[in-house]
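Visitor: Got a predicted structure here, sequence first:
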Number of protein chains: 2
Amino acid sequence: MKLVFEKSELVKGVSIVQKAVSVRTTMNILECILIDASASSIFLTGNDLDLGIQTEVPGEIVEKGRVAIDAKLFSEYVKKLPEGQIVVETTKDDLCIISYGDNSCEIQGMSADEFSYIPEVEKVNRLTISQFQLKELINQTIFSLALNDLNPMMTGELFELMNKELRVIGLDSHRIALRKLRIEDKNDEVYAVIPGKSLKEIAGILSSENDDMVNIYFTEKHALFEFDNTKVVSRLIEGKYFNVNQMFSTDSSTRVKVNRTELIDSIERTMIFIKESDKRPVIFDIADNTMRIFVKSTKGRGMEFLNVEMEGTNLKIGFNPKFLLDALKVIDDEIITLSFVNSKSPCFIKDEEDTYLYLILPVNFTED
Amino acid sequence: MKLVFEKSELVKGVSIVQKAVSVRTTMNILECILIDASASSIFLTGNDLDLGIQTEVPGEIVEKGRVAIDAKLFSEYVKKLPEGQIVVETTKDDLCIISYGDNSCEIQGMSADEFSYIPEVEKVNRLTISQFQLKELINQTIFSLALNDLNPMMTGELFELMNKELRVIGLDSHRIALRKLRIEDKNDEVYAVIPGKSLKEIAGILSSENDDMVNIYFTEKHALFEFDNTKVVSRLIEGKYFNVNQMFSTDSSTRVKVNRTELIDSIERTMIFIKESDKRPVIFDIADNTMRIFVKSTKGRGMEFLNVEMEGTNLKIGFNPKFLLDALKVIDDEIITLSFVNSKSPCFIKDEEDTYLYLILPVNFTED
């Protein structure tokens, strides 16, 4: 095999597929990138068996061939090369020689036969949205997942498309994040739980342009994302996702309109007095169009007053400040609405247009 | 005590003195900042007993007093406040109340009587240079120190002023960094070893303006740095520093002029193949106006060719690449000169104007 690349194109391709390469494993082949130039195009592939990414890289095929090469070494090396032409070739025994000008390096490759190609996924149950929208949907919900949870369903996000509405839901045992998107184009119905780890890597590759589209196809076991020159296949989490609708059906007895930035700043100041370990809540005391936010711990006390627009009854309720901040920081609206039932029931943050809903469970606290 | 500050002034002062506050200690008072407004000015002080920093902060003294307050909590809190006026006051039992507008926090302070004030240092053996120059001298040498070494002298830097020349020297058992500066003003003679830890913190506070000056005074046990509204006292490392002059006296048999950026890039590329743990050297093979730089390890081989201007005999010599890079990265010249004696003797990097000299010991290597 002998291929000639422009440095920037090769680096771009390697960076994309590297996201699907295992970092630490007992199988060397899983730490490799496959370079496949056995036909008329050059494809790079990374595959950790949960997530596979393949991308086409422009380049000249001087001699056809394929080889698997250590992803970390290859990527570090090509990133450090100067701009210009890079030649990647193999000699017998899959030894890879990467050269530019008079300079070169040798990395022992592995046989491409040992590499697991990404599975072929049938193109059914299509959903087309912009790359930017998908990236936003993921980033605005993914923090709610319990990535190391014993319940595997909590490590994934539900993508549900029904009646021209896409709902993306992530949750753990303390909170739910839900984003909705109107889909006007003709699309199929979808119900699939995608692992959070896959979504995180995909969000890292997607462009931020609203004009760049992504096609997503869902089979029973896999989701296939196609965009630009790249193809991503993720396994799905099998089974039925939580029925979250029943958790949203309560009426609120207290509603508060508050400036989001001011609320974030106040929570961040009071949480200085909370040690991670002692799990004290930040307490909201809502009365007379004022929200008093306070914390008391062995380190000290913090107290903030926010002017709010209030409806309903007075309320005192405690929260893990981190859960509130996670949600507040991904909302774009400057004025947001918090709804409460009582001090034992979840708080809802949702907008009138019904595009997002964040549910956060309160924490018990003792008055002292 | 009751004081009124502008937020930005208070944050600036706290950030400066915090550099002398112990992070983890069994004595709570060492984790405090002293706020002293017992006379007509407001002084903040941090003191970990090796290094003490005092700075004057503008502000209104409504009621005189002084208190010691946890540095980390106080600093985190005031940094998160909005711009504007901040009131810091104490009630009985040194309870500190920090307030702005309607909002406030309480932090339990400690009695100022428990706080160790920084020692008074007699203003003798003066050296005056610009803050920028001192910052540069420190940053261009400090990486050579062995901060955790058994030999305490290796944890400090020699500041030696003689015959209108300041020499700043740092070394460990593998290398020496030396910077010289002509001092035209009248100054006293100086010979003092300042702990690297103190110098690192001082470099972090100094301005980068050539017009801002710093006065340094040296007694037998202390160095006092005076600049802007700030006073820094560091203990000195007592004893005689290494006689480095004898290490510089050898003649070279090979001299190479090379482009510094190209050399850095080549070393960085070849070092990808070196595991931190296996301590393999980067090998320089110098012959016929070419410097071949190569590495061979279990991970692979890297090879680079640099055009150089060469004088003297051919040479093959190995180095720890990190030691070379540390020195190369703080030199400003684009074309630098490397001098060698033989493969067992140190390499020198020095300029014709004699403002810097870096010595790096070679590493044995086996040909294979």
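Guide: Good, I have the coordinates.
Visitor: how about the residues of the stretch 151-300 of chain A that lie near chain B?
Guide: Contact residues, the stretch 151-300 of chain A versus chain B (C-beta under 8 Å from any C-beta of the partner chain): A:Asp265, A:Ser266, A:Glu268, A:Arg269, A:Thr270, A:Ile272, A:Phe273, A:Lys299, A:Gly300. To be clear about C-beta, it is placed using only N, CA and C from the backbone, and glycine gets the same treatment.
Visitor: Name all residues that make contact with the most far-flung residue of chain A relative to its centre.
Guide: Largest separation from the mean C-alpha position in chain A: A:Asp102, at 42.0 Å (C-alpha atoms, centre = their mean). Applying C-beta atoms under 8 Å, 6 or more residues apart in numbering or on different chains to A:Asp102 gives the contacts B:Phe305.
Visitor: Would you mind measuring from the residue lying closest to A:Asp278 once chain neighbours are set aside to chain B?
Guide: Leaving out its chain neighbours, the residue that sits closest to A:Asp278 by C-beta to C-beta, 6 or more residues apart in numbering or on different chains is A:Ser297, at 6.6 Å. Per C-beta to the nearest C-beta, to the nearest Å, A:Ser297 is found 11 Å from chain B.
Visitor: With only the CA atoms kept, save stretch A:76-93 in PDB.
Guide: These are the backbone C-alpha positions of stretch A:76-93, laid out as PDB (Å, rounded to 0.1, in the frame of the first residue of the first chain):
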ATOM      1  CA  GLU A  76       0.100  12.100  17.500                       C
ATOM      2  CA  TYR A  77       2.700  11.800  14.800                       C
ATOM      3  CA  VAL A  78       0.600  13.200  11.900                       C
ATOM      4  CA  LYS A  79      -0.600  16.000  14.000                       C
ATOM      5  CA  LYS A  80       2.900  17.200  14.700                       C
ATOM      6  CA  LEU A  81       3.900  17.100  11.000                       C
ATOM      7  CA  PRO A  82       4.200  20.400   9.100                       C
ATOM      8  CA  GLU A  83       1.600  21.300   6.500                       C
ATOM      9  CA  GLY A  84       2.300  19.500   3.200                       C
ATOM     10  CA  GLN A  85       2.300  16.000   1.600                       C
ATOM     11  CA  ILE A  86       2.500  12.900   3.700                       C
ATOM     12  CA  VAL A  87       3.200   9.500   2.300                       C
ATOM     13  CA  VAL A  88       1.800   6.500   4.200                       C
ATOM     14  CA  GLU A  89       3.100   3.100   2.900                       C
ATOM     15  CA  THR A  90       3.500  -0.400   4.100                       C
ATOM     16  CA  THR A  91       6.200  -2.900   3.500                       C
ATOM     17  CA  LYS A  92       6.100  -6.700   4.200                       C
ATOM     18  CA  ASP A  93       4.600  -7.700   7.500                       C
END
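Visitor: Average the pLDDT values over it and round to the nearest integer.
Guide: For stretch A:76-93, mean pLDDT is 95.
Visitor: In the stretch 151-300 of chain A, where is pLDDT below threshold?
Guide: Residues of the stretch 151-300 of chain A meeting the criterion pLDDT under 70: A:249.
Visitor: Taking it, what residue is nearest to chain B?
Guide: Going by C-beta to the nearest C-beta, chain B is nearest to A:Gly300 of the stretch 151-300 of chain A, at 4.1 Å.
Visitor: what's around A:Gly300, how many residues?
Guide: 23 (other C-beta atoms under 10 Å in any protein chain shown).
Visitor: All the helices of the stretch 51-200 of chain A, residue numbers only.
Guide: All helices of the stretch 51-200 of chain A, identified by DSSP state H, counting those that start in this stretch, fall at A:71-80, A:131-139, A:196-205.
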